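>>> predicted model, plus sequence, below.
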Amino acid sequence: MCGITGWVAFDHDVTRQRDVLEAMTDTMAPRGPDAAGLWLDGPAALGHRRLAVIDIAGGVQPMRIERDGRDALVITYSGEVYNYRELRSELVGLGHVFRTGSDTEVVLHAYLEWGDEFVHRLNGMYAFALWEPEREELLLVRDRLGIKPLYYYPTRDGVIFGSEPKAVLAHPGAEPVVNAEGLAELLAFFVNTPGHAGYSGMRELRPGHTCRVTRRGLTTRRYWALEAREHEDDLPTTIRHIRELLDDIVSRQLVADVPLCTLLSGGLDSSVITALAAGHGPVRSFAVDFGGQSQNFAANALYSTPDTPYARTMAEHIHAAHTEVVLETGQLIDPKNADRVLRARDLPNGLGEGDTSLFLLFQAIREHSTVALSGEAADEVFGGYPWFHREALVRADTFPWMAAIAGGYSPQQAANSRLAFLSPDLRAEIDVAEYVDARYREAIAEVPVLPGEDPVERRMREISHLHLTRFVLGHLDRKDRASMAVGLEVRVPFCDHRLVEYVFNTPWAMKSFDGREKSLLRAATRDLLPPVIADRVKSPYPSTQDPGYAEAVRGRLRELLATKDAPVLPYLDRAVIRDALDDAAGPEVRNAGEIVLMLDTWMRQNDVRLELTSGTAA
C-alpha cells in the first residue's frame with residue numbers, strides 16, 4: 001500500500017536538505033514497514049515507504065524511467081491498480097518494455113503513452129506523485145472515490161505533499177495551525193468537506209482530481225465525478241449486471257503476493273465479499289468482539305443483534321478459517337492505545353472507542369495477513385443506512401445523518417451533545433450548526449440533475465450523492481488510518497467506480513424494490529448466503545456496551561481536569577464537566593468526554609496552535 005511524501009521548491013536546490021526529506025518519509029514508516037526510498041534532484045524531492053504487496057522484489061520506489069542516461073519520469077506511488085495486467089499487455093503491444101512485474105511501473109508507462117488522460121484507464125485505489133525532470137513539473141493524482149489520502153501544502157515557490165498531514169507537518173515550512181473554520185470541520189460529525197484538511201494552509205486533493213505544479217503555480221483538474229444518466233436496464237437485468245460486476249471486482253482485488261483475508265462481521269456486506277472470495281479458493285476471515293458483550297448486549301435503535309453468532313454462521317457456511325479478535329475494556333480505554341490512534345489519524349475527527357477497536361482489530365489481523373478485503377461503502381452505494389428509509393430524515397433540510405443524530409433515534413441521543421463540554425465562547429465562535437448548513441448547501445449544489453426526474457427520485461439521488469461524496473470519505477479515511485498504522489492494506493470492492501456509477505443511476509424504486517435496505521445487493525447475492533444472513537437487518541460497526549468503558553472515560557476526564565498544563569483546558573466548560581462527572585449518566589459522559597480527550601491528545605501530540613479569539617477557561 002505504502003506512504004508517499006515529497007516537496008518541490010523551484011527556487012532551491014533541495015538536494016542540500018536531504019535530512020528534511022528523511023524526516024518527512026520517516027513519518028510514513030507504519031504505512032510502509034518493508035522498505036524506504038528517497039529521490040532528490042534539483043528542485044524536487046520524493047520520499048517513499050513501502051508495504052510490499054505485488055512484485056516483492058521488483059516494486060522498489062521511488063521508481064524511475066530513464067532516457068539517454070537521465071531520469072525522464074519518477075514516481076512515488078501508494079495503492080493498487082487492479083487492472084494493471086490488462087494495461088501492461090496493451091502497453092507491451094504499443095512497444096513499451098518493462099523491467100518489473102509491478103503495477104507501479106505500469107502507471108509510469110501509462111503516463112508516458114497517454115499523458116494526462118491516463119487517469120481514465122486506471123481502476124483501483126491510489127494516490128501518487130509523478131515528477132518530470134526535464135519539464136520540471138509535478139503531477140499529484142488521487143483515485144476517483146478518495147480511498148487513498150493525499151495532502152498538499154502550497155508554498156511560495158512550490159508545494160509540500162504527503163499521504164498524511166504528519167508527513168507535511170514534518171517539513172519546517174508547514175505549521176500545525178487550525179482556525180475556527182478548521183475546528184468546525186473537525187468537530188462537525190462526518191461533514192467531510194472534500195479538499196478540507198483541517199490545518200490552515202493545507203489541502204487534501206479532492207477525489208477524482210489531479211494537481212499539476214509548475215513554476216507558474218498549482219492547477220487542479222477534475223477528471224471524474226458522478227454523472228446523472230438514464231438507467232435503461234429492467235430489474236432482472238440490473239440485478240444480473242450488479243452480480244457480474246461484483247464477481248469481476250472481487251476477482252481483481254484478490255491479486256496479491258502476500259497473505260490475504262477478509263473482514264467478516266456477519267452482516268450482508270462483509271458476508272457477500274467473503275463468499276465471493278471463497279469462490280476462488282480457501283479464505284481466512286476475521287471479526288471483532290468485546291469481552292462480556294454477550295452478557296452486556298442490549299438491543300437498541302442502532303443495534304438489534306450482536307454480530308458474533310452471524311459471523312460464525314457465515315464462516316461455517318463457506319468453510320472459512322475464522323478468527324474472532326476479542327477486545328477487553330482495558331485495551332479500549334488504555335491511554336497508550338488512544339494516543340496511537342490519534343497519532344495515526346492526525347486529527348480529532350474520529351469515533352473514540354470505535355477507532356481504537358478498529359485499530360486493535362487491524363493490529364491483530366496484521367500478525368497473520370498483509371491484505372484484507374472489506375465490505376466498507378456498501379451502505380453508501382446501495383442505500384443501507386436507516387435514514388435512507390425514514391421520510392422525515394430524507395426530507396430534512398440538512399445531511400440526513402445529521403438529522404438522525406439530532407433526533408432520529410431517541411430523546412436521550414438528541415440531548416447528548418458531542419460538544420457539551422466545550423466552552424460557550426468556543427462553541428459560539430466555531431458555530432458548528434452554521435458551518436454544517438453552509439457545507440450542506442454546497443454539497444446539494446454539486447448534485448447532477450436528470451431532466452424531468454420524479455421529485456422523489458431526485459431527492460434520493462441527492463441523498464445518494466451526499467453519501468458517496470461526503471459520508472463515505474469519513475469511513476474511508478478512518479479505515480485507511482487504522483489499517484496503515486499497522487501496515488495492513490484494506491481493499492474496498494464496493495468502491496469500484498464502475499459499480500458506483502451504475503448503482504448511482506439506478507432508480508430508487510429499484511434500489512428498494514422489496515421494501516428493504518440494499519434490495520439490489522441482497523437480490524444479486526442471495527444464492528451465496530444462508531437465509532439468516534441474507535435477511536439480517538443492517539447493523540453498524542459494533543461498539544462495546546460494557547458500562548465500565550463509560551466509567552473509565554469519567555476517570556480520565558477527572559485526571560484531565562487535574563492536569564494544569566493540559567492544552568485543551570482553556571477551551572472547556574469545566575463547571576459543566578464537573579457537574580456531569582458527579583451527576584450525569586455514563587453514556588452522556590462518554591459521548592462528550594471522548595471529544596475532549598481526543599482534542600487534548602491531538603493538541604499535545606502535534607503542538608497545535610489554535611487561531612481563535614476564545615480560549616478563556618470557564
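Nice, thanks for sending it over. Numbering: from 1, shown residues only.

>>> what number of residues lie near residue 551?
15 (other C-beta atoms under 10 Å). Every residue, glycine included, has its C-beta placed from N, CA and C.

>>> what sits against it?
If you count contacts by C-beta atoms under 8 Å, 6 or more residues apart in numbering, residue 551 has them with residue 586.

>>> secondary structure element holding it?
Counting by DSSP states H and E, the element that carries residue 551 is helix 547-561.

>>> helix or strand right after that helix?
Sequence-wise, the next helix or strand beyond helix 547-561 is helix 574-583, with elements assigned using DSSP H and E.

>>> I'd like the mean pLDDT over that following helix, please.
Mean per-residue pLDDT for helix 574-583: 90.

>>> what is whichever helix or strand comes after that helix packed up against?
Moving toward the C-terminus from helix 574-583, the first helix or strand encountered (DSSP H and E) is helix 586-606. In terms of contacts (3 or more C-beta pairs under 8 Å, 6 or more residues apart in numbering; DSSP states H and E), helix 586-606 is packed against helix 335-345, helix 547-561, helix 574-583.

>>> the shortest one: which residues count as buried?
Residues of helix 574-583 classed as buried under the neighbour-count rule (16 or more other C-beta atoms under 10 Å) are 576-577, 580-581.

>>> angle of it against helix 586-606?
In terms of direction (axes from the mean of the first three to the mean of the last three C-alpha atoms, to 10 degrees), helix 574-583 departs from helix 586-606 by 130 degrees.

>>> by mean pLDDT, point me to the weakest helix or strand of this protein.
Taking mean pLDDT, DSSP states H and E as the measure, the helix or strand of the chain with the lowest value is helix 411-415, at a mean of 37.

>>> pull out the buried positions in the longest strand seen in the chain.
Secondary structure of the chain read by DSSP state E shows that its longest strand is strand 70-81. Taking 16+ other C-beta under 10 Å as the neighbour-count basis, strand 70-81 is seen to contain the buried residues 71, 73-81.

>>> farthest-apart pair in the residues you listed, please.
The two members of the buried residues of strand 70-81 with the most space between them (C-beta to C-beta) are 71 and 80, at 24.5 Å.

>>> against residue 590, how distant is the closest residue to residue 347 other than its chain neighbours?
Closest residue in space to residue 347, ignoring its immediate chain neighbours: residue 198 at 5.0 Å, by C-beta to C-beta, 6 or more residues apart in numbering. In this structure, residue 198 and residue 590 are 24 Å apart, going by C-beta to C-beta, to the nearest Å.

>>> and the strands in the stretch 301-450 of the chain?
Ranges of strands within the stretch 301-450 of the chain are 321-327, 371-373, based on DSSP state E, counting those that start in this stretch.

>>> you'd agree residue 318 is up against residue 281?
No: no contact is recorded between residue 318 and residue 281 when judged using C-beta atoms under 8 Å, the distance being 11.1 Å.

>>> wait, doesn't residue 255 sit right on residue 55?
No: at 11.0 Å, residue 255 does not count as touching residue 55 under the criterion of C-beta under 8 Å.

>>> from residue 185, how far off is the closest residue to residue 179 other than its chain neighbours?
Leaving aside its sequence neighbours, residue 179 sits nearest to residue 611 (C-beta to C-beta, 6+ apart; 4.5 Å). Residue 611 is 14 Å from residue 185, where distance means C-beta to C-beta.

>>> what of residue 574?
Residue 574 sits 25 Å away from residue 185, taking C-beta to C-beta as the criterion.

>>> same check on residue 195?
When C-beta to C-beta is applied, the distance between residue 195 and residue 185 equals 11 Å.

>>> give me the more crowded residue out of those two.
Neighbour totals were compared for residue 195 and residue 185, and residue 185 leads with 22 against 11 (other C-beta under 10 Å).

>>> can you list the domains in this protein?
Domain assignment for the chain, taken from automatic domain parsing, gives 3-222, 235-396+468-534.

>>> first residue to last residue on the first one, what's the distance there?
Domain 3-222 stretches 23 Å from its first residue to its last (C-alpha to C-alpha, to the nearest Å).

>>> average pLDDT for it?
Confidence for domain 3-222, expressed as mean pLDDT, is 96.

>>> picking that back up, of the strands of the stretch 301-450 of the chain, which is nearest residue 110?
Nearest to residue 110, of all these, is strand 371-373, at 23.0 Å by C-beta to C-beta.

>>> from residue 490, how far off is the closest residue to residue 8 other than its chain neighbours?
Among residues not flanking residue 8 along the chain, residue 158 sits closest, at 3.9 Å (C-beta to C-beta, 6+ apart). Look at residue 158 and residue 490: by C-beta to C-beta, they are 32 Å apart.

>>> okay, the two: which has more neighbours?
Just comparing residue 158 and residue 490: by other C-beta under 10 Å the higher neighbour count belongs to residue 158, 24 against 21.

>>> correct me, but the more buried one touches residue 9?
Yes: Residue 158 lies in contact with residue 9 (C-beta under 8 Å); the separation is 4.6 Å.

>>> quick one on the thing from earlier: quick one, which of residue 198 and residue 590 is more surrounded?
Higher neighbour count among residue 198 and residue 590: residue 198, with 24 against 21, using other C-beta under 10 Å.

>>> the more buried one and residue 349, how far apart?
Relative to residue 349, and taking C-beta to C-beta, residue 198 is found at 7 Å.

>>> can you list residues touching both of those two?
Counting by C-beta under 8 Å, 6+ apart, the shared contacts of residue 198 and residue 349 are 185-186.

>>> and which of the buried residues of helix 574-583 is nearest to residue 51?
Comparing the buried residues of helix 574-583 against residue 51 with C-beta to C-beta places residue 577 closest, at 41.2 Å.

>>> give the contact list for residue 597.
Contacts for residue 597 were tallied using C-beta under 8 Å, 6+ apart; they are 338, 352, 553, 556-557, 560.

>>> please name whichever of those residues scores lowest on pLDDT.
The member of those with the lowest pLDDT is residue 352, at 87.

>>> surely that one meets residue 599?
No: between residue 352 and residue 599 no contact is recorded; they are 11.4 Å apart, counting by C-beta under 8 Å.

>>> okay, now residue 327: neighbour count?
A count of neighbours around residue 327, defined by other C-beta under 10 Å, yields 21.

>>> that one and residue 358 touch, don't they?
No: with contact defined as C-beta under 8 Å, residue 327 does not count as touching residue 358 (10.1 Å).

>>> and what about residue 536, helix, strand or coil?
Three-state call for residue 536 (DSSP: H, G, I helix; E, B strand; the rest coil): coil.

>>> wait, I meant residue 262
In three-state terms, and counting by three-state DSSP, residue 262 is strand.

>>> in contact with it, which residues?
With contacts defined as C-beta under 8 Å, 6+ apart, residue 262 is in contact with 270, 273-274, 277, 283-286, 320, 372-374.

>>> could you do residue 26 as well?
Per C-beta under 8 Å, 6+ apart, neighbours of residue 26: 36, 170.

>>> how near is it to residue 354?
With C-beta to C-beta as the criterion, residue 26 and residue 354 are 29 Å apart.

>>> cool, and residue 585?
With the distance defined as C-beta to C-beta, residue 585 ends up 20 Å from residue 354.

>>> also residue 466?
Applying C-beta to C-beta, one obtains 21 Å for the distance of residue 466 from residue 354.

>>> and the residue of the chain most remote from its centre, how far is that from residue 134?
Relative to the centre of the chain, the most outlying C-alpha is that of residue 68, 41.3 Å out, by C-alpha atoms, centre = their mean. Residue 68 is 10 Å from residue 134, where distance means C-beta to C-beta.

>>> the stretch 351-500 of the chain: helices as residue ranges?
Using DSSP state H, counting those that start in this stretch, the helices of the stretch 351-500 of the chain run over residues 353-365, 378-382, 391-395, 400-407, 411-415, 424-430, 432-445, 455-466, 472-484, 497-504.

>>> which SS class is the closest residue to residue 480 other than its chain neighbours?
The spatially closest residue to residue 480, leaving aside those adjacent along the chain, is residue 149, at 5.9 Å (C-beta to C-beta, 6+ apart). Secondary structure, three-state DSSP: residue 149 is coil.
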